[in-house]
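Asker: what's the 3D shape of this:
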Amino acid sequence: MTAPWIENEAAYEAAKEARIKANARIGRSRRWFAEQPDREQLVAFLRTGRGEFLAKMFDAVEEWGSLTPGQEAAVRKIMTQQAERKAAQAASDATSTWIGEIGKRQVFELTAVFHSSFETQFGVMHVCGFKDAAGNIVIYKGSSDVSAERGVRVIGKATVKDHGVREGVKQTIISRPAFNIAN
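Answerer: Just a heads-up that it's a prediction; the model follows:
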């Protein structure tokens, strides 16, 4: 028997179910976060993480208020792997020094680390990162397409434009590259 003031019984039942689910999620979430305070960091990692899996895990926390033990273990494993990778990269980058003299054109033998392109009001801008055999970082920003896939070796001339520091890592900035893919 339904109350006489309910005009749409289906909508009323749907709203009631949604409210029950929301209250269950709130309670589950409070208990889950209270068990381990570092779960706030875990959710912050999910919020800023990249990739489909991490996005699904964040959605699970939003919808259900917690993760299953298996899901949480998988996320913690990814967090550990990323931290280890970041530490190894920082240790590698810490040894980077500047190459050459600013304003001088010289020969470089480099390995591509990354390549990105995007549109600007002046045309396409390419940003390429390289490392030499000693692990020194070389960066090119400009309109010349020096696209080389990650791990590809290039040889050629470029002008040392600047010696910069980004996030504590010394980088040699180059301009006017004329590179060929090495065999």
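Asker: Tell me the strands beside the longest strand that the chain contains, with direction?
Answerer: For the chain, the strand with the greatest residue count under DSSP state E is strand 105-120. Sheet pairing of strand 105-120 (DSSP bridges) gives strand 123-131 (antiparallel), strand 153-166 (antiparallel).
Asker: With mean pLDDT as added columns, please give those strands in a markdown table.
Answerer: Below are the strands paired with strand 105-120 laid out as a markdown table (pLDDT from 0 to 100):
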| stretch | mean pLDDT |
| --- | --- |
| strand 123-131 | 91 |
| strand 153-166 | 92 |
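Asker: of those strands, which approaches Ala83 most closely?
Answerer: strand 153-166 (20.5 Å; C-beta to C-beta). Bear in mind the C-beta positions are built from the backbone N, C-alpha and C, glycine included.
Asker: CA atoms only: put the closest one into CSV for me.
Answerer: Extracted C-alpha coordinates of strand 153-166, given in CSV (Å, rounded to 0.1, in the frame of the first residue of the first chain):
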residue,chain,number,x,y,z
ARG,A,153,70.2,7.2,-32.1
VAL,A,154,70.8,10.4,-34.0
ILE,A,155,74.1,12.0,-35.2
GLY,A,156,74.4,15.6,-36.4
LYS,A,157,75.2,19.2,-35.7
ALA,A,158,73.4,21.7,-33.5
THR,A,159,74.2,25.0,-31.8
VAL,A,160,74.3,25.1,-28.0
LYS,A,161,71.7,27.7,-27.2
ASP,A,162,71.7,27.7,-23.4
HIS,A,163,72.6,25.7,-20.3
GLY,A,164,69.5,25.4,-18.2
VAL,A,165,68.3,23.7,-15.1
ARG,A,166,64.8,22.1,-14.8
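Asker: Return the set of buried residues in it.
Answerer: For strand 153-166, a neighbour-count test (16 or more other C-beta atoms under 10 Å) marks 153-154, 158-161 as buried.
Asker: same thing with stretch 33-48?
Answerer: Neighbour counts over stretch 33-48 (16+ other C-beta under 10 Å) mark 33, 39, 42-43, 45-46 as buried.
Asker: same check, this time on stretch 86-106
Answerer: 93, 96, 98-100.
Asker: which residue is nearest the middle of this protein?
Answerer: For the chain, Arg50 is the residue whose C-alpha lies nearest the centre (C-alpha atoms, centre = their mean; 5.9 Å).
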